[in-house]
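**Q** give me a model of this one.
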Amino acid sequence: MIIRDDYIEAIRPFIGQPIVKILAGVRRSGKSTIFEMIKDELIRRGVPTENIIHKRYTEMDIPEYISAREMYDELLSLISGEGRYYLLLDEIQEVSGWEKAVNNLLEGTNADIYITGSNSKLMSSEISTYLTGRYVSIPVYTLSFREYLDFKADTSLTKSELLTEYIKTGGFPLIALSSFDTKATYQITNGIYHTVISRDIVKRHQINKPELFERVVKFVIENIGNTFSANSISTFLKSEHRQVSVESIYNYLTWLQQAFILYPCKRFDLKGKSILKTQEKYYLSDISFKYALLGYNRSMLDGAIENIVFLELKRRGYDVYIGKLGTKEIDFIGILRDEKVYVQVCVQLPVGSDREVENLMEISDNHPKYVVTLNELDTGNENGIEIIHLHDFLLKKQW
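**A** Model (predicted):
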């Protein structure tokens, strides 16, 4: 098992504390493996293995419907012995009303509780009614490039070759651990995508026109990194003689976000220092979803590396926005408490144009500013703005 240190480091301060630890992210992003790492950490701390209870609540593990009450009663019976018990509850969103059961366990027992799920409702205001101030959310993403290199430690490929592979195949751990060819890789990713779409969205929300929903999803994925709105999607579909209400499209976008297929990226007005409510962008939880649905070609590179940079900012805890500076745009602003980082992304700097650098030069503060590129020949420093290769940006410990 390859250790994903960032997640263990995030969890360690909360081990043994009377708060629920929630790990949520897209299916197959490695949440169950993180549970195995937590189990190993607990054993290293001297916790008896019989006091570690790992339960999975996927359809395969509990083929019959289980109520929150039944879940609660079963867990209560399993922790009736002496000492503290550690509950690792996997894919708990499959149990309706799980919040009440977990709250009762938290209040009425000495259990230390960890849960995972593939729906962002686990991290939303809906659970605060029961767990106010008594839970911590730890988002789980597919592999970063640094983690990808750890998974590929035995390969003879160079860092640049591995970056090319990472861009083309994405960061799902199952794929990184194997030696699938490109076709097989996209078949696996396509399977993950369709599981989420059919089970976590279409079935859960009882969508009665799944073909229209999937057409909306395809439009969104085709336009990753571009600004659009529910209105513009509706207008586009009308041109194809398809009728979908703006309200339905808003719902679709919300459900895609809840299932961690999409992450929104709002626009931030640098002059007015305010978040704008219009023309946001969306990025995928893993760029391989796009290739699995649309195929891969080099014309997608700009959007692909933009998506990769967006996810890296998210992994490091930044709130990420598109920067608006008058009529100009900054690809990303990352904000983490009093820290900021500004990033422009391009495959290579346009010949005879300093637009990427000039946009950043108009920002008057002293926070780090980067132009991230795939062209080694473009790298350097210009007026305090670092022009950096993508692999160096992704591996840089501190920006």
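
**Q** any idea whether Ile388 is helix, strand or coil?
**A** Using DSSP: H, G, I helix; E, B strand; the rest coil, the structure places Ile388 in strand.

**Q** over to Lys281?
**A** In three-state terms, and counting by three-state DSSP, Lys281 is strand.

**Q** could you find the closest non-adjacent residue to it?
**A** Spatial nearest neighbour of Lys281, excluding adjacent residues (CB to CB, 6 or more residues apart in numbering): Cys265 at 4.6 Å. All C-beta atoms are positioned from the backbone trio N, CA, C, and that covers glycine.

**Q** check contacts around that neighbour.
**A** Glu280, Lys281, Tyr282, Tyr283, Phe310, Val320, Tyr321, Ile322, Phe332 (CB atoms under 8 Å, 6 or more residues apart in numbering).

**Q** quick one: which of these is nearest Gln348?
**A** Phe332 (18.2 Å; CB to CB).

**Q** buried set for the helix or strand of the chain with the lowest mean pLDDT?
**A** When the helices and strands of the chain are scored by mean pLDDT, DSSP states H and E, helix 128-131 comes last with a mean of 74. Buried residues in helix 128-131, counted by 16 or more other CB atoms under 10 Å: Tyr130, Leu131.

**Q** then whichever helix or strand comes after that helix to CSV, C-alphas only?
**A** Sequence-wise, the next helix or strand downstream of helix 128-131 (DSSP states H and E) is strand 135-139. This file holds the C-alpha atoms of strand 135-139, laid out as CSV (Å, rounded to 0.1, in the frame of the first residue of the first chain):
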residue,chain,number,x,y,z
TYR,A,135,-17.2,17.3,12.5
VAL,A,136,-14.2,18.1,10.3
SER,A,137,-14.4,17.7,6.5
ILE,A,138,-11.3,16.4,4.6
PRO,A,139,-11.9,16.5,0.9
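
**Q** what about strand 135-139, average pLDDT?
**A** On average, the pLDDT along strand 135-139 is 93.

**Q** could you check which helix or strand contains the most far-flung residue of the chain relative to its centre?
**A** Centroid-distance maximum for the chain: Glu82 at 38.3 Å, with CA atoms, centre = their mean. Glu82 is part of no helix or strand when elements are defined by DSSP H and E.

**Q** tell me the SS of the residue nearest to Lys281?
**A** Judged by three-state DSSP, the three-state class of Cys265 is strand.

**Q** please apply the same query to Phe35.
**A** helix.

**Q** counting neighbours, what do you get for it?
**A** Phe35 has 20 neighbours, counted by other CB atoms under 10 Å.

**Q** about what we covered before: how near is the residue farthest from the centre of the chain to Pro48?
**A** Distance of Glu82 to Pro48, computed by CB to CB, to the nearest Å: 10 Å.

**Q** for Arg298, same thing?
**A** For Arg298, the distance to Pro48 - CB to CB - is 55 Å.

**Q** of these two, who's got more company?
**A** Legend: neighbour count by other CB under 10 Å for Arg298 and Pro48, higher for Pro48 (14 against 8).

**Q** and the more buried one, how far from Lys281?
**A** On the measure of CB to CB, Pro48 and Lys281 end up 49 Å apart.

**Q** next one: phi and psi at Tyr250?
**A** Main-chain dihedrals, Tyr250, degrees, to the nearest 10: phi -60, psi -40.

**Q** residue numbering should commence at 408 henceforth.
**A** Yes, from this point I'll number from 408; that puts the last item at Tyr657.

**Q** does it touch Ala637 like I think?
**A** Yes - between Tyr657 and Ala637 there is a contact under CB atoms under 8 Å: 5.0 Å.

**Q** the two: which has the busier surroundings?
**A** Between Tyr657 and Ala637, counting by other CB under 10 Å, Ala637 is the more crowded of the two (18 against 15).

**Q** check contacts around the more buried one.
**A** Contacts for Ala637 were tallied using CB under 8 Å, 6+ apart; they are Val653, Ile656, Tyr657, Leu660.

**Q** let's have those residues in a markdown table, adding distance to Lys507.
**A** What follows is the contacts of Ala637, written out as a markdown table (distance: CB to CB, whole Å):
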| residue | distance to Lys507 |
| --- | --- |
| Val653 | 35 |
| Ile656 | 33 |
| Tyr657 | 29 |
| Leu660 | 29 |
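
**Q** so which of those residues are in helices?
**A** Per DSSP state H, helices hold the following members of the contacts of Ala637: Val653, Ile656, Tyr657, Leu660.

**Q** residue contacts, the first one?
**A** Neighbour list for Val653: Ala637, Asn638, Ser641 [criterion: CB under 8 Å, 6+ apart].

**Q** buried ones in stretch 625-638, by neighbour count?
**A** Residues of stretch 625-638 classed as buried: Phe626, Val627, Ile628, Asn630, Ile631, Gly632, Phe635, Ala637 (neighbour count, 16+ other CB under 10 Å).

**Q** apart from its neighbours in sequence, what residue is nearest the second one?
**A** It stands for Val627. With CB to CB, 6+ apart as the criterion, Val627 has its nearest non-adjacent residue at 6.0 Å, and that residue is Tyr689.

**Q** what's across from that neighbour in the sheet?
**A** Beta-bridge partners recorded for Tyr689 (DSSP bridges): Pro671.

**Q** and it, how many residues sit next to it?
**A** If you count neighbours by other CB under 10 Å, Tyr689 ends up with 22.

**Q** that one reaches Pro671, doesn't it?
**A** Yes - the criterion here is CB under 8 Å, and Tyr689 meets it with Pro671 at 5.7 Å.

**Q** overlap in contacts, these two.
**A** Shared contacts of Tyr689 and Pro671 (CB under 8 Å, 6+ apart): Leu660.

**Q** for the stretch 458-607 of the chain, just list every one of the strands.
**A** 459-463, 493-497, 519-524, 542-546 (DSSP state E, counting those that start in this stretch).
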